[in-house]
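Asker: please find the sequence and the predicted model below.
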Amino acid sequence: MGALKRILFVDDESNVLDGLRVLLRKHRHAWQMEFALGGERALALLSESPFDVVVTDLRMPRVDGLAVLKHVRDHHPHTMRVTLSGDPMRESALAVIPYAHQSLTKPCRLGELEAVLVRGCLLGDLVADPDVRSVIGRIGGLPPLPRTYARLVQVLDDENACSADVAAVIASDIAVTAKILQLANSSFFGCGRAVGTVAQAIPLLGLETLKSLTLSTALFTGDGLPARVRVFAEDLHEHSALIAELASHLAEPADRRDAFAAGMMHDVGRLVLASTMPEEMDGATAMMRRPSPDAQVVPATRHARIGGYLLGLWGLPPSVIDAVARHHDELEQTASPVVRAVAAAERITEEVTDDLRPSAADVDEMRRLVGERASQRDEQRRSREMTS
């Protein structure tokens with residue numbers, strides 16, 4: 001049996017901590033839980049030994065939850081950071097964006113906190129290297145394309161803009177899409193069900209919240225990236241948009257939204273490598289079929305696991321996380337339908353060309369192959385229905 005996962009709960013009300021202790025007692029054989037009465041006690045416990053997950057209230061005297069989150073990010077970046085707060089102010093939710101991986105409201109829905117903790121404790125299995133987890137843990141937002149920032153500001157400043165206009169801009173960028181979905185899946189903004197598309201997320205967040213997000217340095221950091229990384233991000237965006245299109249056509253109707261979202265973000269781990277680990281830039285580029293003489297090979301499964309780990313921290317739907325983390329897995333038939341759709345889309349693009357930006361003729365060929373595959377799938381389904 002492996003070591004117990006360590007979870008720290010922080011609140012300035014003893015009755016809240018007592019309630020959590022009773023609620024989660026059934027997990028005592030898998031989790032070692034500590035309950036800190038206030039931020040000062042939490043910092044003292046953190047100084048003694050690290051935790052896998054920290055769950056904190058926001059409004060507390062002397063040392064508040066934001067201070068706890070900042071301390072954990074700076075000194076224990078491998079730790080998953082969750083807020084559990086009764087603060088109804090959206091300003092508070094926006095303030096913690098760079099520091100909290102997920103945000104829950106207090107009281108939270110039955111089973112919601114447990115589900116977050118279970119998933120959080122399992123995330124370490126995706127990325128075993130603690131140094132890599134530390135790098136990911138410091139990330140507040142991935143670098144979106146600079147042109148996306150300009151387009152989004154322009155649309156949001158337009159009095160005649162509608163949600164469809166905003167969705168079109170956001171959905172074109174994997175980094176912005178990931179962050180928006182992270183927020184929409186938090187209970188500060190969420191609706192009690194998994195939010196897997198930008199179109200679903202925007203009505204929950206509202207245009208004013210999106211305006212605030214455009215000003216957040218945690219989200220829009222692309223302008224500070226070296227030109228080489230920005231070029232790589234643009235190439236990655238084009239590739240991901242193509243995979244999203246193909247995967248959505250390969251998926252069954254019920255899975256198409258998740259397949260599109262997973263396709264758009266399936267290589268988010270490469271963006272992490274390129275933007276946070278410059279020494280691995282050549283390796284990340286090599287994995288995008290653009291090798292250089294001194295390229296250090298990055299195993300395909302590594303960037304996939306890194307991407308899944310990050311999106312898991314952010315609380316995206318499990319089907320999307322699974323597809324991002326496993327889209328290079330060889331055993332397609334044992335994977336979920338969304339994983340298979342993304343993996344098949346990747347394989348088809350690789351069969352047609354090694355070029356990162358395929359020609360129009362190559363894209364047409366990819367679409368033809370996808371159409372054939374989809375037709376075969378539909379024919380097999382009709383055959384099964386006729387014989388059943």
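Answerer: In hand now; what should we look at?
Asker: let me see the mean pLDDT of the longest helix along the chain.
Answerer: For the chain, the helix that runs over the most residues, judged by DSSP state H, is helix 360-387. For helix 360-387, mean pLDDT is 85.
Asker: elements contacting it?
Answerer: helix 227-250, helix 337-352 (3 or more C-beta pairs under 8 Å, 6 or more residues apart in numbering; DSSP states H and E). Every residue, glycine included, has its C-beta placed from N, CA and C.
Asker: centre of the chain to that helix, how far?
Answerer: 30 Å (C-alpha atoms, centre = their mean, to the nearest Å).
Asker: stretch 147-161 too?
Answerer: That offset, for stretch 147-161, works out to 24 Å (C-alpha atoms, centre = their mean).
Asker: that stretch: which residues count as buried?
Answerer: The neighbour-count check on stretch 147-161 (16 or more other C-beta atoms under 10 Å) flags 148-149, 151-152, 155-156 as buried.
Asker: list just the nearest of those residues to residue 180.
Answerer: residue 152 (10.4 Å; C-beta to C-beta).
Asker: does the closest one lie in a helix or a strand, and which?
Answerer: For residue 152, the element it lies in under DSSP states H and E is helix 146-156.
Asker: residue 83 now?
Answerer: Per DSSP H and E: residue 83 is located in strand 80-85.
Asker: just residue 6 next, same as before
Answerer: Per DSSP H and E: strand 5-11 holds residue 6.
Asker: contacts for that strand, please.
Answerer: Here strand 5-11 makes contact (C-beta atoms under 8 Å, 6 or more residues apart in numbering) with 17, 20, 30-39, 41-42, 45-46, 49-57, 60, 65, 68, 84, 117, 121.
Asker: quick one: distance of that strand to the chain centre.
Answerer: On the basis of C-alpha atoms, centre = their mean, strand 5-11 sits 22 Å off its chain's mean C-alpha point.
Asker: following that strand, which helix or strand shows up next?
Answerer: Immediately after strand 5-11, counting by DSSP H and E, sits helix 14-23.
Asker: can you name the residues in contact with that next one?
Answerer: Outside of helix 14-23, the residues within contact range by C-beta under 8 Å, 6+ apart are 9, 11, 33, 35-37, 57, 106, 113-114.
Asker: before we move on, what about stretch 127-137?
Answerer: 73, 76-81, 124, 272, 276-277, 305-306, 309-310, 313.
Asker: kindly report the same for stretch 328-344.
Answerer: Contacts for stretch 328-344 (C-beta under 8 Å, 6+ apart): 243, 247-248, 250-252, 255, 258-259, 262-263, 266, 300-301, 304, 319-320, 322-324, 326-327, 346, 373.
Asker: just the buried ones from the residues you listed?
Answerer: Neighbour-count burial (16+ other C-beta under 10 Å) applied to the contacts of stretch 328-344 gives 243, 247-248, 250-251, 255, 258-259, 262-263, 266, 301, 304, 319-320, 322-324, 326-327, 346, 373.
Asker: re the thing from before, where is pLDDT lowest across the contacts of helix 14-23?
Answerer: Out of those, that is residue 106, at 82.
Asker: residues contacting that residue?
Answerer: Applying C-beta under 8 Å, 6+ apart to residue 106 gives the contacts 16, 57, 84-86.
Asker: try it again at 7 Å.
Answerer: 84-86 (C-beta atoms under 7 Å, 6 or more residues apart in numbering).
Asker: residue 126 too?
Answerer: Taking C-beta under 7 Å, 6+ apart, one finds 305, 308-309, 325 in contact with residue 126.
Asker: for residue 310, see how far away it is.
Answerer: Applying C-beta to C-beta, to the nearest Å, the value for residue 126 to residue 310 is 9 Å.
Asker: residue 155 too?
Answerer: Counting by C-beta to C-beta - residue 155 and residue 310 are separated by 27 Å.
Asker: show the buried residues in the contacts of strand 5-11.
Answerer: 17, 20, 31-39, 41-42, 45-46, 50-57, 60, 65, 68, 84, 117, 121.
Asker: which secondary element of the protein has the worst mean pLDDT?
Answerer: Lowest by mean pLDDT, DSSP states H and E among the helices and strands of the chain is helix 281-287, with a mean of 47.
Asker: what's the domain layout of the protein?
Answerer: Domain segmentation of the chain under automatic domain parsing yields 5-123, 146-214, 225-387.
Asker: name the element residue 33 belongs to?
Answerer: Element membership of residue 33, judged by DSSP H and E, is strand 31-37.
Asker: break down the stretch 1-150 of the chain into its helices, ranges please.
Answerer: 14-23, 39-48, 65-75, 90-95, 112-123, 130-137, 146-156 (DSSP state H, counting those that start in this stretch).
Asker: just the mean pLDDT for the shortest one, thanks.
Answerer: When you say that, I think you mean helix 90-95. Here the average pLDDT along helix 90-95 is 67.
Asker: any chance of the domains of the chain in JSON lines, plus distance to residue 137?
Answerer: Formatted as JSON lines, these follow (distance: least, C-beta to C-beta, whole Å):
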{"stretch": "domain 5-123", "distance to residue 137": "4"}
{"stretch": "domain 146-214", "distance to residue 137": "14"}
{"stretch": "domain 225-387", "distance to residue 137": "8"}
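Asker: looking at these, which is nearest to residue 138?
Answerer: Of all these, domain 5-123 comes closest under C-beta to C-beta, at 4.6 Å.
Asker: that older thread, possible to save the helices of the stretch 1-150 of the chain as CSV with distance to residue 341?
Answerer: CSV is the format used below for the helices of the stretch 1-150 of the chain (distance: least, C-beta to C-beta, whole Å):
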stretch, distance to residue 341
helix 14-23, 38
helix 39-48, 42
helix 65-75, 35
helix 90-95, 33
helix 112-123, 22
helix 130-137, 26
helix 146-156, 25
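Asker: with that, I have no additional questions.
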